[in-house]
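Trainee: how would this look folded up:
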Amino acid sequence: MSDRYFLDTNIFIYSFDSQNPVKQKIAGELIQKGIDNRHGFISYQVVQEFLNVATKKFNKPLKKADSKLYLSAVLMPLWKIYPGKELYTSAITISGRFNYSFYDCLIIASALEGSAGILYSEDLQHGQTIDSLRIVNPFI
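Mentor: Sure, this is the predicted structure:
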């Protein structure tokens with residue numbers, strides 16, 4: 001199994017959640033480890049979803065300057081997967097095999113495209129294996 005892992009958007013959201021310090025700590029450690037050892041990665045979709053939530057839906061939304069800083073310091077070093085025809089085709093194929101939303105299938109397709117062994121997500125079925133990818137909820 002690959003030592004590379006994909007981080008879903010909820011990991012980044014929890015890294016800011018001071019109301020849930022246990023999840024905040026776990027999320028922060030996964031993100032930092034991914035940056036430090038270069039085994040963690042994300043897709044354009046995670047960047048878009050996180051910045052949307054962080055600047056509009058957080059109890060205290062990130063200011064534009066803080067968003068730019070987080071983008072350059074955290075998201076960009078992890079950002080490895082970009083949109084393309086193959087990614088969308090793969091997501092459609094995955095959606096035909098599993099009962100996930102198209103957006104969840106894009107996350108799965110991105111993890112597979114980047115050769116991840118693990119997809120860290122709270123939103124998918126913990127322990128499920130999709131091809132060479134194992135879904136892990138890091139909070140349980």
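Trainee: which one in the protein is furthest away from the centre?
Mentor: Relative to the C-alpha centroid of the chain, counting by C-alpha atoms, centre = their mean, residue 65 is the outermost residue, at 22.4 Å.
Trainee: how about residue 78, nearest residue that isn't a chain neighbour?
Mentor: Counting by C-beta to C-beta, 6 or more residues apart in numbering, residue 78 lies nearest to residue 42, which is 4.7 Å off, once chain neighbours are set aside. Where C-beta positions appear, they are placed from N, C-alpha and C, glycine not excepted.
Trainee: in whichever strand or helix holds that neighbour, what counts as buried?
Mentor: Element membership for residue 42 (DSSP states H and E) is strand 40-43. In terms of neighbour count (16 or more other C-beta atoms under 10 Å), strand 40-43 has its buried residues at 40-43.
Trainee: could you do stretch 73-81 as well?
Mentor: Buried positions in stretch 73-81, judged by neighbour count with 16+ other C-beta under 10 Å: 74-75, 77-78, 80-81.
Trainee: export those residues to TSV and append columns for secondary structure.
Mentor: Converted to TSV, the buried residues of stretch 73-81 look like this (DSSP: H, G, I helix; E, B strand; the rest coil):
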residue	secondary structure
74	helix
75	helix
77	helix
78	helix
80	strand
81	strand
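Trainee: tell me what the top helix by length along the chain is packed against?
Mentor: When the chain is scanned for its longest helix (criterion: DSSP state H), the result is helix 21-37. In this structure, helix 21-37 packs against strand 5-7, helix 9-14, strand 40-43, helix 76-78, with contacts taken as 3 or more C-beta pairs under 8 Å, 6 or more residues apart in numbering; DSSP states H and E.
Trainee: quick one: distance of the last one to the chain centre.
Mentor: On the basis of C-alpha atoms, centre = their mean, to the nearest Å, helix 76-78 is displaced by 12 Å from the centre of the chain it belongs to.
Trainee: ok, the longest one next?
Mentor: Using C-alpha atoms, centre = their mean, the mean C-alpha position of helix 9-14 is found 7 Å from that of the whole chain.
Trainee: since that was my last question, I'll sign off now.
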